[in-house]
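1. Fold the following.
(one chain, ligands or ions: 1)
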Amino acid sequence: MVGPLVYPYTVGNWRLCDKLGSGFSGAIFKATNVHSGQVMALKLQIKDHECPTNRYERYIYPFLQGGKGMPTLWAGGEEGPWDYLVIDLLGPSLDSLFRKSGKSCMDLGTVCRIAMQVIARLQFMHSRGVLHRDIQLGNCVVGLYPNQETIYMIDFGFSKCYIDPYTKRHIPDSDQKRMFVGNYWFSSVNVHCRGKVPSRRDDLEACALMLIHLMTPGGLSWTRNGVPKTDAQHDRIIREKRKARPEEVCRGLPVQFEDFLRYCRRLKFAECPDYEKWIDEFRQLSLESGYRGEEQFIWPPPAPVTTVRPSKPRPSQAPDEVERILNDLANLRLGDRPALGNRTNVQAPPKQAPADGQKAVATQKDDPVEISDESDGIDRRPQGSKMAQLASLKQAVSKASDNTALSGLVADFVAVLKAHPSKALTKQGFGFLDALYKQLSDPSVFIVTRSANSDRQGETDQEPKQARLGKLLRLKREVERATSNKTLARLVREFEAVTDRSNGRTVTKDGLAFLEGLARRLKALQ
Ligand SMILES: Nc1ncnc2c1ncn2[C@@H]1O[C@H](COP(=O)(O)OP(=O)(O)OP(=O)(O)O)[C@@H](O)[C@H]1O
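-> The predicted structure follows:
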């Protein structure tokens with residue numbers, strides 16, 4: 001029987017000190033150069049190990065030298081029974097920081113920073129013709145002072161060149177099922193569940209899954225039972241991962257995560273991902289959510305920079321009185337006039353009676369933002385992050401009881417879209433339009449949620465730009481002529497569908513013009 005490994009005191013010119021970690025195939029030590037006193041990390045492995053990852057890494061490292069977030073290779077080779085690699089000494093992994101935080105998920109600002117950096121690292125590695133193939137939290141580590149805000153990629157034991165060094169061509173795809181190489185949690189569906197040849201898209205998908213995992217309380221569902229110990233357990237993970245649709249995996253998260261995952265899965269085998277676009281998307285998301293939009297990794301996470309004004313209570317009427325008025329309004333007999341119908345779903349007003357209330361307020365748990373109606377002469381400009389503003393507007397629209405209020409809220413919605421640099425319609429934006437649609441259509445009809453709606457199921461095809469433009473122009477014209485709330489409801493639905501199928505779900509100038517027309521029309525249709 002083979003006894004426990006006895007590690008040497010020195011290898012090459014390096015004296016081994018503390019053990020930093022160990023993996024499947026070896027151990028890693030802090031090591032000091034016996035001549036210069038330099039302190040580095042030394043990866044040690046038995047030369048004839050069944051999985052000689054140090055040898056593979058020694059081949060890959062030279063391709064990556066000089067890149068930001070790529071450790072420098074200082075020395076390496078074989079000595080006696082040992083194979084060793086000396087690289088920069090780095091700090092803790094994201095996995096270890098996350099575990100130590102004791103939290104069930106990470107804050108959005110930090111996840112955006114990780115997204116920007118890891119996508120940039122992949123962009124660099126891919127530009128050097130190398131795939132990582134084992135993206136996971138344990139393989140993303142932070143640097144030591146003064147590089148503690150940089151995320152480094154480590155562990156290139158599974159990495160591979162996807163550009164053939166002789167032909168300079170992309171490696172070929174194959175229909176032959178391959179043995180799985182990667183990690184259980186984040187390897188892409190194509191590689192993990194279908195045995196496909198890994199390419200750039202799979203590194204990116206692993207990154208997307210890792211980000212979604214960090215954002216999900218308790219993590220991705222298939223990670224919750226720990227590392228599989230039997231084939232049956234592994235098969236269960238494969239099944240679960242394979243059947244999890246992006247909209248389910250990303251439920252409740254900003255829409256960028258779902259879009260990113262879908263994007264990765266739509267990439268062709270040899271297609272070059274648009275790294276810049278996604279770095280920018282996460283930067284915008286960070287800004288819209290009240291963070292700085294910077295990529296520097298800061299731990300522990302700083303608070304958002306946008307301070308959201310505390311909510312002020314609703315003025316005048318006591319809750320019961322408001323409820324009575326709403327119900328009276330709902331029961332008004334308006335004949336054929338275009339107004340909200342008999343509402344059986346009028347929500348109760350806020351329970352807290354205002355003490356000194358001056359403004360109408362839409363409250364949202366933890367992140368209140370003021371929304372007031374025009375008639376009270378109060379500053380109507382929405383406050384707080386885009387996400388919080390849209391969430392509050394959605395709440396307010398669900399509670400609005402006449403077209404004037406709806407008109408004001410649509411105008412507020414346009415103001416929020418205009419005030420933020422990214423014109424992408426987020427999940428909250430669609431939520432607002434869904435709530436508006438519900439209000440404008442028959443109120444006894446239960447709201448058609450986006451996930452239940454067919455327009456976003458599966459991989460959505462993007463509409464050709466011309467067709468989309470034509471539809472928007474028609475919507476713009478029709479909204480000016482609409483004579484009932486029902487027609488407006490249909491137009492809102494069509495607008496949602498057109499935007500949803502557009503590249504990046506962007507609200508264009510024509511889209512904004514449609515919304516402005518909608519606000520005007522609502523006012524006219526009192
Ligand atoms: N350069 C480094 N500086 C400091 N710590 C490091 C460094 N490289 C790795 N580590 C630590 O050692 C752990 C194992 O490193 P690494 O993943 O490279 O080894 P491995 O043997 O290939 O592991 P595995 O078998 O899990 O893939 C890392 O999670 C990290 O905590």
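
2. Before we move on, what's the pLDDT of residue 171?
-> Per-residue pLDDT puts residue 171 at 97.

3. ok, now which ones touch it?
-> 161, 162, 163, 164, 197, 199 (Cβ atoms under 8 Å, 6 or more residues apart in numbering). Glycine gets a C-beta too; all of them are placed from N, C-alpha and C.

4. same thing but at 10 Å, please
-> 129, 131, 160, 161, 162, 163, 164, 197, 198, 199, 269, 270 (Cβ atoms under 10 Å, 6 or more residues apart in numbering).

5. So which bits of the stretch 101-250 of the chain are right by the ligand?
-> 138, 139, 141, 154, 155, 157 (Cβ under 6 Å from any ligand atom).

6. burial measure for residue 85, as a count.
-> 25 (other Cβ atoms under 10 Å).

7. Show me what the helix or strand containing it is packed against.
-> Here residue 85 is covered by strand 82-87, with elements defined by DSSP states H and E. Secondary-structure packing of strand 82-87 (3 or more Cβ pairs under 10 Å, 6 or more residues apart in numbering; DSSP states H and E): strand 10-11, strand 14-22, strand 27-33, strand 39-46, helix 53-64, strand 73-79.

8. Tell me the pLDDT of residue 367.
-> Confidence score, pLDDT, at residue 367: 34.

9. same check, this time on residue 384
-> 69.

10. Repeat that for residue 331.
-> 56.

11. Same check on the one 3 residues further on?
-> Residue 334 carries a pLDDT score of 48 in this model.

12. Can you report phi and psi for the residue in the stretch 1-150 of the chain positioned nearest to the ligand?
-> Closest to the ligand within the stretch 1-150 of the chain is residue 23: 2.0 Å, counting by Cβ to the nearest ligand atom. Per-residue torsions, residue 23: phi -130, psi -160 (degrees, to the nearest 10).

13. List the contacts of the nearest residue to it once chain neighbours are set aside.
-> Nearest residue to residue 23 in three dimensions, chain neighbours excluded: residue 155, at 7.5 Å (Cβ to Cβ, 6 or more residues apart in numbering). Residues near residue 155 by Cβ under 10 Å, 6+ apart: 23, 28, 43, 53, 57, 93, 132-136, 138-141.

14. try 8 Å
-> Per Cβ under 8 Å, 6+ apart, neighbours of residue 155: 23, 57, 134, 138, 139.

15. Show me what the lengthiest helix in the chain is packed up against.
-> If you go by DSSP state H, the chain has its longest helix at helix 108-127. If you count contacts as 3 or more Cβ pairs under 8 Å, 6 or more residues apart in numbering; DSSP states H and E, helix 108-127 packs onto strand 151-153, helix 200-215, helix 275-288.

16. model confidence over the first one, on average?
-> Read it as strand 151-153. The model assigns strand 151-153 a mean pLDDT of 99.

17. Does the residue nearest to residue 23 belong to a helix, a strand or coil?
-> What DSSP: H, G, I helix; E, B strand; the rest coil gives for residue 155 is coil.

18. re the thing from before, can you flag which of the contacts of residue 171 belong to helices?
-> Judged by DSSP H, the subset of the contacts of residue 171 located in helices is empty.

19. Which of those residues are buried, as a PyMOL select command?
-> Buried residues among those (16 or more other Cβ atoms under 10 Å), as a PyMOL selection:
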select buried, resi 129+131+160+162+163+197+198+199+269
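
20. Show me the contacts of residue 171 that map onto strands.
-> Counting by DSSP state E, the contacts of residue 171 place 131, 160, 161 in strands.

21. Give me the distance between residue 284 and residue 255.
-> Using Cβ to Cβ, to the nearest Å, residue 284 is found at 12 Å from residue 255.

22. Likewise for residue 72?
-> From residue 72 over to residue 255 (counting by Cβ to Cβ), the distance is 39 Å.

23. deepest of the helices and strands packed on helix 108-127, which one?
-> helix 200-215 (a mean of 25; mean count of other Cβ atoms under 10 Å).

24. Quick one: name the residues of the chain near the ligand.
-> So the chain meets the ligand at 20-21, 23-26, 28, 41, 53, 71, 87-90, 93, 138-139, 141, 154-155, 157 (Cβ under 6 Å from any ligand atom).

25. Where does the prediction get shaky in the stretch 1-150 of the chain?
-> 1-3 (pLDDT under 70).

26. quick one: low-confidence parts of the stretch 301-450 of the chain?
-> 306-384, 442-450.

27. In it, which residue sits closest to the ligand?
-> residue 301 (20.5 Å).

28. Which helix or strand contains that residue?
-> Using DSSP H and E, no helix or strand contains residue 301.

29. how near is it to residue 291?
-> On the measure of Cβ to Cβ, residue 301 and residue 291 end up 9 Å apart.

30. do residue 203 as well
-> For residue 203 relative to residue 291 (Cβ to Cβ), the value is 25 Å.

31. Any idea what the closest residue to residue 148 other than its chain neighbours is bridged to?
-> Nearest residue to residue 148 in three dimensions, chain neighbours excluded: residue 142, at 5.7 Å (Cβ to Cβ, 6+ apart). Residue 142 has these beta-bridge partners by DSSP bridges: residue 151.

32. Isn't residue 142 up against residue 152?
-> Yes - counting by Cβ atoms under 8 Å, residue 152 is a contact partner of residue 142 at 7.2 Å.

33. Now do the shared contacts for the two.
-> Contact with both residue 142 and residue 152 is made by residues residue 90, according to Cβ under 8 Å, 6+ apart.

34. Please report the distance of the residue nearest to residue 268 when sequence neighbours are not counted from residue 191.
-> Spatial nearest neighbour of residue 268, chain neighbours left out: residue 201 (7.6 Å); criterion: Cβ to Cβ, 6+ apart. Look at residue 201 and residue 191: by Cβ to Cβ, they are 10 Å apart.
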